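Asks: Kindly generate the corresponding structure for this input.
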Amino acid sequence: MKDEGGSKERRQQEYLLPAAFFSFILHPSAFILALRRALRGEVDARTLALEAWRRSRAARDRRRERESLERLTNSPARLRSEISRLSPSELLDHFRNRTTPKFLPGFSTLSKTANLQRHLFPFETAQLLEKSARIADERAWPLLGYGEKCFGAKIEWLRDPLSNVLWPLDYHADVEIIRNDGSDARVLWEVNRLSHLLTLGRAFTVTGDEKFASEIFAEIKGWREQNPMGRGPNWACAMEVALRSMNLLATFELVRRSRSLNEETLLLLLQMLDQHGAHIRRNLEFSYIATSNHYLSDVVGLVWLGVMLPELEAASEWREFGLRETFSEMDKQVMADGADYEASTGYHRLVLELFLYTFILCRANNVEIDERYWKKLRAMLDYVRAYLRPDGRAPLIGDTDSGQVLPICKRAADDHAYPLALGAAIFDEPRFKQSAKKHSEELLWILGEEGVRKYESLPEIKEDEGSQNFTEAGTYIMREDDLYLLFNASGSGVGGRGSHGHNDALSIEVSACGSSFITDPGTYVYSADLEERQRFRSTAYHSTVEVDGAEQNSTDQRTPFVIGNEARPRVTFREFNRVLEDEHEFIVAEHHGYRRLAQPIKHERSVQFDKRGRLWLVEDTLTGSGEHTFRFRFHFAENLETVVLADGIVRAYDKMTGARLFVAPVGLDALPELETQYISRDYGQKSESVSACWIVRATAPLSVGWAIIPICGDQDEKERLKAVKRGRNSFEF
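Replies: All right, here's what the predicted structure looks like:
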């Protein structure tokens, strides 16, 4: 089948528009229903027609696929003619001894990599072997934020490990992903990405113990038996098929010289990978209205399969198409300031990994990449470096599902520093090294010995990050020494059609004195608990202003990946680092999410950063008319002692560092309520936290101010109180 978004088809589309309109005329209600969720934002008539045509053709192709499933499932790998003439034993020798294509550099020199793993990471190596033994002996390994899960003597690849629900083996397009029975496709898919096989493969490389390789081959065989091609949830999303393919390719590279690899297993693995590539190609998650990390994962998976398996008949076409679309998606999905366009730092990390690892793979195989794409990749790393807090962790703006592309190590959702170590070596950039703080196991396994040497040769620098603004992303960071405030003026993402944005317009995140104080709550879960999903992305869970209990952008608990675009935040004024001597920085932004109210309200928020005074002054202005209930919230991090002092001042205390943060209202007599809320640092994990909420019933227009004052642990009580008073008195409306 030809691609739904390929360049040849795009040249033909203008001649096919009448068919799309004909389909619309014949079945207008079905067409409108199918596109209702996608049409958030402006879509021109031509794009609408193209999308109608694409969906019509996709439905036709799925009918054909459904009729051919048995044949597709039983077909052996489609090998190039000269390769197909090899006997099974010759084919095994070929794959064991081939020197090209080359995988990621650290996988291409495995004996050196294994030695450096033991030398550079002795503690982590002991953990690696312990985890691998648990997988091989007990079928147990860590799963997202849920901790270690045991999958039993025989792994049931279709059983949800949390709800115990057994998913059906229906045709993949018929599988209902949101089931309302406590199951979570995201969790099942994580298990079926087979990334834990990388752990076993690395342990085999370090020890040479065949038990680890044998377990890999046994699990692959069991997976194939339980997941016939095109049936069940593990084929329902092409992105998942692509990510599984990449993990299988990496695992195969680690164990292809194992004595446990026999002719039968090799043929099975080649058949699986050929079927994976063909399935991705038939079921691309492309849309003329918008694409996301899903379609990007699809085409990147095809690049990897095409580059690493030239023995397959379709490899050349997969590679060329995948590369073309990967670069096209980089143009589309990565904004000029380096941020992914989905309004999510979590998905920025995922998209960064997709590009970063793919570019490294291409370079290893002499695939030319235009310099402008390397510059965009560098800009993506610069964005990560800018948004990392002083403690080295990432603010979890928008959705995050803890997803990783090639999990050499399992990383928490807010751990974004490790790609900077690779960026430091690739771009010879000491600033990336400074932010990464140390070399990582990813650096070793992905870039190899040369990458480690490059990283270590870079000079150690101590450079103040300074404030930065990313206007296209809507991310503004005020920082000086250990003070950090992130001001969020991002929209819903994907040009107003995002699915991973939250109702967090004009929210802030604050860190100081080595502690995180005011923070974004993260995501927690997707379809396993739709009520919690709705709560974590709501306005009430973010450090901004809620009016009359309304959401900034329209959302519906029943559609957990649909969010409106009513707020449309925009910055109206900013003054960042004009000259080095500046002691103040200033930003003003507004959003219009409350225009939907019977008596509309506009929310404007300004933030002034007083560097010498080491404080921030925030003013919220609510413009409009009529009486409203305004809720001003600041969501505090977990593990803080949060109390209300006199005059409505809130103090948050971190016992670990001794640091405190005061939030002092200005021009407001109301006392705040301390609400119990939650923070999620990893998908499926949550910790109890506190949100300070001032509830004000008042007539608009209304202006309220806040002094946000951090105090480090070595200051005495008198100094703290002076700082609070100074902050409140210096506020100017």
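Asks: Low-confidence regions, the stretch 501-650 of the chain specifically.
Replies: Applying pLDDT under 70 to the stretch 501-650 of the chain picks out residues 577-581.
Asks: Apply 80 and report the result again.
Replies: 576-582 (pLDDT under 80).
Asks: got it, and the chain?
Replies: Residue ranges of the chain with pLDDT under 80: 1-42, 576-582, 714-733.
Asks: And it, what are its domain boundaries?
Replies: Domain ranges of the chain: 7-67, 468-729, per automatic domain parsing.
Asks: Pick the most deeply packed of those domains.
Replies: Of all those, domain 468-729 has the most neighbours on average by mean count of other CB atoms under 10 Å, namely a mean of 19. C-beta here means a position set from N, CA and C on the backbone, and glycine is covered the same way.
Asks: want to throw the domains of the chain into a markdown table with distance to residue 274?
Replies: Formatted as a markdown table, the domains of the chain follow (distance: least, CB to CB, whole Å):
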| stretch | distance to residue 274 |
| --- | --- |
| domain 7-67 | 15 |
| domain 468-729 | 31 |
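Asks: Minimum distance to residue 288: which of those domains has it?
Replies: Nearest of the domains of the chain to residue 288, taken as CB to CB: domain 7-67 at 4.4 Å.
Asks: Which stretches in the stretch 151-300 of the chain count as helices?
Replies: Assigned by DSSP state H, counting those that start in this stretch, the helices in the stretch 151-300 of the chain fall at 185-192, 196-207, 210-226, 238-255, 263-282, 293-308.
Asks: now the stretch 351-500 of the chain
Replies: Using DSSP H, counting those that start in this stretch, helices in the stretch 351-500 of the chain cover 371-387, 418-427, 430-436, 441-442, 448-457.
Asks: picking up where we left off before, closest one to residue 136 among the domains of the chain?
Replies: Closest to residue 136 of the domains of the chain, according to CB to CB: domain 468-729, at 24.5 Å.
Asks: now that closest one, how far from the chain's geometric center?
Replies: Relative to its chain's centre, domain 468-729 lies at 22 Å (CA atoms, centre = their mean, to the nearest Å).
Asks: Kindly report the same for stretch 135-145.
Replies: With CA atoms, centre = their mean, you get 23 Å for stretch 135-145.
Asks: mind checking the end-to-end distance for it?
Replies: Stretch 135-145 stretches 18 Å from its first residue to its last (CA to CA, to the nearest Å).
Asks: Next, give phi and psi for the nearest residue to residue 661 once chain neighbours are set aside.
Replies: For residue 661, ignoring the flanking residues on the chain, the nearest one in space by CB to CB, 6 or more residues apart in numbering is residue 517 at 4.1 Å. Dihedral pair for residue 517: phi -110, psi -70, per degrees, to the nearest 10.
Asks: surely residue 517 meets residue 485?
Replies: No. Residue 517 lies out of contact with residue 485 (CB atoms under 8 Å); the separation is 10.0 Å.
Asks: Show me the strands in the stretch 451-600 of the chain, by range?
Replies: Per DSSP state E, counting those that start in this stretch, the stretch 451-600 of the chain carries strands over the ranges 468-470, 475-480, 483-488, 507-512, 515-518, 545-547, 555-556, 559-563, 570-575, 584-591.
Asks: Hmm, I typed the wrong one, I wanted the stretch 51-200 of the chain.
Replies: Here the stretch 51-200 of the chain has its strands, by DSSP E, counting those that start in this stretch, at 140-142, 148-150.
Asks: Redo these as a markdown table? Include distance to residue 472.
Replies: Converted to a markdown table, these look like this (distance: least, CB to CB, whole Å):
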| stretch | distance to residue 472 |
| --- | --- |
| strand 140-142 | 36 |
| strand 148-150 | 40 |
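Asks: out of the ones you listed, nearest to residue 363?
Replies: Among those, strand 140-142 comes nearest to residue 363, with 31.6 Å by CB to CB.
Asks: Can I take it that residue 690 is in a strand?
Replies: Yes. Counting by DSSP: H, G, I helix; E, B strand; the rest coil, residue 690 is found in a strand.
Asks: Quick one: closest of the domains of the chain to residue 266.
Replies: Ranking the domains of the chain by their distance to residue 266 (criterion: CB to CB) puts domain 7-67 first, at 26.7 Å.
Asks: residues contacting residue 158?
Replies: The contact partners of residue 158, by CB atoms under 8 Å, 6 or more residues apart in numbering, come to 166, 167, 168, 169, 188, 226, 227, 232, 233, 234.
Asks: ok, it to residue 231 distance?
Replies: Distance, residue 158 to residue 231, using CB to CB, to the nearest Å: 10 Å.
Asks: correct me, but residue 323 touches residue 367?
Replies: Yes. Between residue 323 and residue 367 a contact is recorded at 7.1 Å, counting by CB under 8 Å.
Asks: which one of these two has more residues nearby?
Replies: Ranked by neighbour count (other CB atoms under 10 Å), residue 323 and residue 367 place residue 323 first, with 21 against 15.
Asks: Check the gap between the more buried one and residue 372 for me.
Replies: With distances taken as CB to CB, residue 323 is found 15 Å from residue 372.
Asks: right, and residue 411 touches residue 417 too?
Replies: No. The pair residue 411 / residue 417 is not scored as a contact, 9.2 Å apart, by CB under 8 Å.
Asks: ok, back up a step: need the winner for burial among the strands of the stretch 51-200 of the chain.
Replies: When you average the neighbours per residue for each of the strands of the stretch 51-200 of the chain (mean count of other CB under 10 Å), strand 140-142 leads with a mean of 17.
Asks: Each with direction, which strands does that one pair with?
Replies: Here strand 140-142 is paired, per DSSP bridges, with strand 148-150 (antiparallel).
Asks: most residues in a single helix of the protein, which one?
Replies: Ordering each helix of the chain by length in residues (DSSP state H) puts helix 45-67 first.
Asks: Show me what that helix is packed against.
Replies: Counting contacts by 3 or more CB pairs under 8 Å, 6 or more residues apart in numbering; DSSP states H and E, helix 45-67 packs against helix 17-26, helix 28-35.
Asks: at 6 Å what do you get?
Replies: With contacts taken as 3 or more CB pairs under 6 Å, 6 or more residues apart in numbering; DSSP states H and E, helix 45-67 sits against helix 17-26.
Asks: Can you say which helix or strand has residue 710 in it?
Replies: strand 702-711 (DSSP states H and E).
Asks: quick revisit: can you check which residues contact both of residue 517 and residue 485?
Replies: Shared contacts of residue 517 and residue 485, defined by CB atoms under 6 Å, 6 or more residues apart in numbering, comprise residue 510.
Asks: Show me where the stretch 601-733 of the chain has its helices.
Replies: So, for the stretch 601-733 of the chain - with DSSP H, counting those that start in this stretch - the helices run 717-729.
Asks: How much space separates residue 60 from residue 53?
Replies: Counting by CB to CB, the gap from residue 60 to residue 53 is 11 Å.
Asks: so what's the backbone phi/psi at residue 334?
Replies: For residue 334, the backbone dihedrals (degrees, to the nearest 10) come out as phi -100, psi 120.
Asks: Tell me how many other residues crowd it.
Replies: 24.
Asks: List the residues that contact it.
Replies: Contacts of residue 334 by CB under 6 Å, 6+ apart are residue 376.
Asks: where's it relative to residue 293, distance?
Replies: With the distance defined as CB to CB, residue 334 ends up 11 Å from residue 293.
Asks: Next up, the contacts around the closest residue to residue 353 other than its chain neighbours.
Replies: In space, and not counting its chain neighbours, residue 353 is closest to residue 405: 3.9 Å by CB to CB, 6+ apart. Going by CB under 6 Å, 6+ apart, residue 405 touches 353, 354, 357.
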